[in-house]
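Chemist: Give the three-dimensional model of this entry:
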Amino acid sequence: MADISSSNEVKFFITLWVLLVAGLFGSLSGMASTALTCIDTPASLEEKHLMCLKNSVVTQGLRANLDRILKKRKNCPDCAPSFESESNYAPLFECHFITLSLARNPFGGYWAQITYQESTERIYKVWLYPVNSRGKDDIFEIRDFEAVVPRQQTKHFMKVLSASGFSKYGL
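Modeler: Residues are numbered from 1 along each chain as shown. The predicted structure follows:
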């Protein structure tokens, strides 16, 4: 009986160890692909924060996705839209935008709040969902894109950034 009991204990501790390592590795690998200090943080006009947002895989993925949509619309005007409200916002897709904030979406992916140089009185909330995660080669799909009314603090940020920020922080 002693052999069975110690064998079960060994199996239990090995299983526990594997689960702990797998959980730790899973959380670290998720952080590695989006190693960003600017996700889920308050909006800020600090240069470090704005550069983090601009250089994030999420913002870069958004720009790449908008470029793919523009190319598809040019080559195939009769093709189905990539997301429901695409045709409402398509004229903005080739314009420069600044990411004001990034937040994790509880349903997966990220929410990005952006503003366009050509439309600084409005902000747009974009749901980006990762369809292929390989570090720098992350590919995101837009799942939702909508105009939202900016809060007073966000209006202030937009006013400050519209003066000179688009050339430095915009894509």
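
Chemist: if I look at the one residue sitting closest to the centre of the chain, how far off is residue 140?
Modeler: Ranked by distance to the mean C-alpha position of the chain (Cα atoms, centre = their mean), the top residue is residue 58 at 3.5 Å. Distance of residue 58 to residue 140, computed by Cβ to Cβ, to the nearest Å: 7 Å. Placement of C-beta: from N, CA and C, glycine included.

Chemist: Residue 114 too?
Modeler: 13 Å.

Chemist: what is in contact with the two at once?
Modeler: Here residue 114 and residue 140 have residue 62 as joint contacts, going by Cβ atoms under 8 Å, 6 or more residues apart in numbering.

Chemist: pretty sure residue 58 belongs to a helix, no?
Modeler: Yes - counting by DSSP: H, G, I helix; E, B strand; the rest coil, residue 58 falls inside a helix.

Chemist: can you offset everything so residue one is 37?
Modeler: Yep, numbering from 37; the last one is residue 94 now.

Chemist: My understanding was that it contacts residue 138; is that so?
Modeler: Yes - at 5.5 Å, residue 94 and residue 138 qualify as touching, with contact defined as Cβ atoms under 8 Å.

Chemist: and residue 107, how many residues sit next to it?
Modeler: 10 (other Cβ atoms under 10 Å).

Chemist: wait, is it part of a helix?
Modeler: Yes - secondary structure of residue 107 (three-state DSSP): part of a helix.

Chemist: measure the residue nearest to the centre of the chain to residue 191 for me?
Modeler: Per Cβ to Cβ, residue 94 is found 23 Å from residue 191.
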